[in-house]
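Asker: Okay, here's the prediction I keep looking at, along with the sequence it came from:
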Amino acid sequence: SARLWLMVCGSSASKKSPALKEVRGPAWKLELAMRQRSIKDVERWTEESEIYAKQREAYISAAAKGNATTSPEKPRPPNRERMLIGNATVESLADVLAENPRGVVNVMDEIVSILKGMGQYKKGGNDKEAFLMGYDGGPMPIDRKGLATLIPNFGFSLIGGTQQAKIRQVASALALESDGFMQRFIPYVARNASEDIDRPAHHVGHDLYSDILTRLWEMQSNGPIQFSPDAQLIRRKFSSWAWQTAKDQWLGDSLRSAISKYDTQYARLCLTYHAIDCAAEHRGTLLPEISAKTAQQVADLIQRCLFPHAENFYLHILDGSAEQIQHVRYLAGKILAKNPDEINISWIAHHWTKWRTLPDWVKRGILTMLVDAGWIFSDDPRGFTAGRPISYQVNPNLQEVFAAYADSERAYLEGMAEQRAEKMKREQDDD
């Protein structure tokens with residue numbers, strides 16, 4: 001099942017809400033038609049139930065007199081078919097999914113609104129546990145006021161938007177960025193919108209999109225979908241790329257955890273693309289194999305588009321790697337100002353007090369960036385300590401290449417030293 005959790009993250013100036021509204025507009029039209037059919041089905045069932053009640057009463061009366069006839073058949077309540085559900089709680093999702101085992105899409109105006117309830121305990125567990133089950137899908141028992149029911153497939157997709165400051169605050173408060181919950185989302189970081197441009201609506205594209213949505217909803221499957229042999233080779237190549245990428249320590253734990261989910265997301269996106277292709281070809285049933293073309297398209301989508309957005313989201317928005325870049329620049333400035341032939345951890349800690357308070361993965365990232373930039377290198381025969389070389393040689397060409405920057409850094413440090421000296425003198429005079 002292609003359950004996908006999608007999150008658009010951007011400022012209020014990114015106009016993410018109008019874009020999401022445009023995307024889900026045709027789906028809401030289908031949803032409205034389903035709800036109207038459900039209303040008619042419920043009305044018909046209500047009428048049949050009233051007739052059944054009278055027939056049942058007559059049957060019981062006849063049976064009491066010894067004139068029993070065939071017992072009337074109780075009408076079954078209709079399944080209220082649904083595609084979308086908005087800002088749903090776990091309880092409302094359970095009610096809808098009990099009648100819709102193929103799943104629904106939970107459309108959120110603000111994803112933070114459900115994340116805030118993740119850690120709140122409720123009877124039977126908390127919302128985080130239930131939402132994790134919703135991502136994985138499968139049977140889910142529900143016990144409510146002594147009434148036990150089993151939902152055959154508690155699974156749903158989720159789409160919504162959020163602002164950078166809000167998601168950073170909530171994720172940090174609930175530790176969502178480190179427990180694997182946030183990594184189930186596919187983040188897309190929206191840029192601020194540019195100046196509006198008046199242009200004709202793309203009716204052809206809109207109508208094609210609406211038509212494909214309708215065909216997707218009506219499409220059937222005759223069994224499990226598999227990768228073709230050629231597509232399997234592409235999948236394995238992608239899986240190897242994801243595994244190798246996740247080994248890079250400087251990416252940070254949150255992003256590396258997100259990359260570890262790529263195998264699952266890759267398969268689900270392949271199934272989504274496969275279904276769209278079948279719908280575009282006017283097929284009523286899914287083809288049994290995913291093609292190599294589809295497998296490559298999804299690999300390109302993740303590597304060229306979704307992965308850069310994930311880097312932006314986890315390193316800059318959640319993990320604050322913009323601050324890590326500042327750390328790199330600060331240490332680079334120290335190297336230029338002090339002009340050492342080599343540096344080691346003790347040298348860094350001596351010249352930069354904050355170094356001692358940084359997490360190990362941040363320290364590794366800083367040094368890795370400087371190595372990758374060609375500022376430092378190591379061939380220390382003494383080996384490694386805590387995964388790092390004991391010492392690094394400094395590129396001797398730095399002073400020549402960055403002469404102006406080195407002079408400004410030295411001037412800055414001298415100015416700061418003078419200010420500290422003046423401050424100490426004033427404090428001594430006051431005493």
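Answerer: The structure has been received and is ready for your questions. Please read these numbers as outputs of a predicted model, since none were measured by experiment. Numbers count the residues shown, from 1 in each chain.
Asker: What ranges does the stretch 1-150 of the chain have for its strands?
Answerer: Assigned by DSSP state E, counting those that start in this stretch, the stretch 1-150 of the chain shows strands spanning 5-9, 84-86, 104-108, 121-122, 125-126, 140-144, 147-151.
Asker: what's the third one packed up against?
Answerer: Meaning strand 104-108. Counting contacts by 3 or more Cβ pairs under 8 Å, 6 or more residues apart in numbering; DSSP states H and E, strand 104-108 packs against strand 84-86, helix 90-97, strand 156-162. (Each C-beta comes from the backbone N, C-alpha and C, glycine too.)
Asker: ok so, going back, who wins for proximity to residue 313 among the strands of the stretch 1-150 of the chain?
Answerer: Smallest distance to residue 313 across the strands of the stretch 1-150 of the chain (Cβ to Cβ): 6.1 Å, for strand 5-9.
Asker: send the alpha carbons of that closest one over as CSV?
Answerer: Extracted in CSV, the C-alpha atoms of strand 5-9 (Å, rounded to 0.1, in the frame of the first residue of the first chain):
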residue,chain,number,x,y,z
TRP,A,5,3.2,11.3,4.6
LEU,A,6,4.0,14.6,2.9
MET,A,7,4.9,17.9,4.7
VAL,A,8,5.4,21.3,3.0
CYS,A,9,7.5,23.5,5.2
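Asker: got a list of contacts for that strand?
Answerer: 16, 19-20, 111, 135, 157-164, 167, 184-190, 313, 317 (Cβ atoms under 8 Å, 6 or more residues apart in numbering).
Asker: Please identify the helix or strand for the closest residue to residue 297 other than its chain neighbours.
Answerer: The spatial neighbour of residue 297 that comes closest, neighbours along the chain excluded (Cβ to Cβ, 6 or more residues apart in numbering), is residue 273 at 6.0 Å. Per DSSP states H and E, residue 273 falls inside helix 262-280.
Asker: and what of residue 172?
Answerer: Using DSSP H and E, residue 172 falls within helix 164-174.
Asker: circling back to that earlier point, quick one: which of the strands of the stretch 1-150 of the chain is nearest residue 356?
Answerer: Nearest of the strands of the stretch 1-150 of the chain (Cβ to Cβ): strand 5-9, 32.7 Å.
Asker: The most centrally placed residue in the chain bridge partners, please.
Answerer: Closest to where the C-alpha atoms of the chain average out (Cα atoms, centre = their mean) is residue 185, at 1.5 Å. For residue 185, the beta-bridge assignment (DSSP bridges) gives partners residue 5.
Asker: where along the stretch 301-431 of the chain do the strands fall?
Answerer: Secondary structure of the stretch 301-431 of the chain (DSSP E, counting those that start in this stretch): strands located at 342-344, 376-377, 384-385, 388-389, 391-394.
Asker: which of the ones you listed has the lowest average pLDDT?
Answerer: With a mean of 47, strand 384-385 has the lowest mean pLDDT of those.
Asker: On the C-terminal side of the helix holding residue 273, identify the next helix or strand.
Answerer: Next along from helix 262-280, by DSSP H and E: strand 289-290.
Asker: strands paired with that following strand, and their directions?
Answerer: Short version: by DSSP bridges, strand 289-290 pairs with strand 226-227 (parallel).
Asker: Which positions within whichever helix or strand comes after the strand it pairs with qualify as buried?
Answerer: Downstream of strand 226-227, the first helix or strand assigned by DSSP H and E is helix 229-246. Within helix 229-246, the residues that qualify as buried are 231, 234, 235, 238, 241, 242, 245, 246, counting by 16 or more other Cβ atoms under 10 Å.
Asker: can you check stretch 95-105 too?
Answerer: 95, 96, 97, 98, 100, 103, 104, 105.
Asker: Then stretch 58-65?
Answerer: Buried positions in stretch 58-65, judged by neighbour count with 16+ other Cβ under 10 Å: residue 59.
Asker: Need the residues that contact it.
Answerer: Residues contacting stretch 58-65 (Cβ under 8 Å, 6+ apart): 68, 69, 71, 72.
Asker: still on that earlier bit, least reliable of the strands of the stretch 1-150 of the chain going by mean pLDDT?
Answerer: strand 121-122 (a mean of 46).
Asker: What does residue 71 show for phi and psi?
Answerer: phi -70, psi 140 (degrees, to the nearest 10).
Asker: follow-up on the earlier one: surely the residue nearest to residue 297 and residue 296 touch.
Answerer: No: judged on Cβ atoms under 8 Å, residue 273 makes no contact with residue 296 at a distance of 10.3 Å.
Asker: So which of those two has more stuff around it?
Answerer: residue 273 (19 against 16; other Cβ atoms under 10 Å).
Asker: picking up where we left off before, tell me the helices and strands packed up against the helix holding residue 273.
Answerer: helix 203-218, helix 229-246, strand 289-290, helix 292-301.
Asker: and residue 259, which of those is closest to it?
Answerer: It's helix 229-246; of the helices and strands packed on helix 262-280, that one is closest to residue 259 (Cβ to Cβ) at 4.2 Å.
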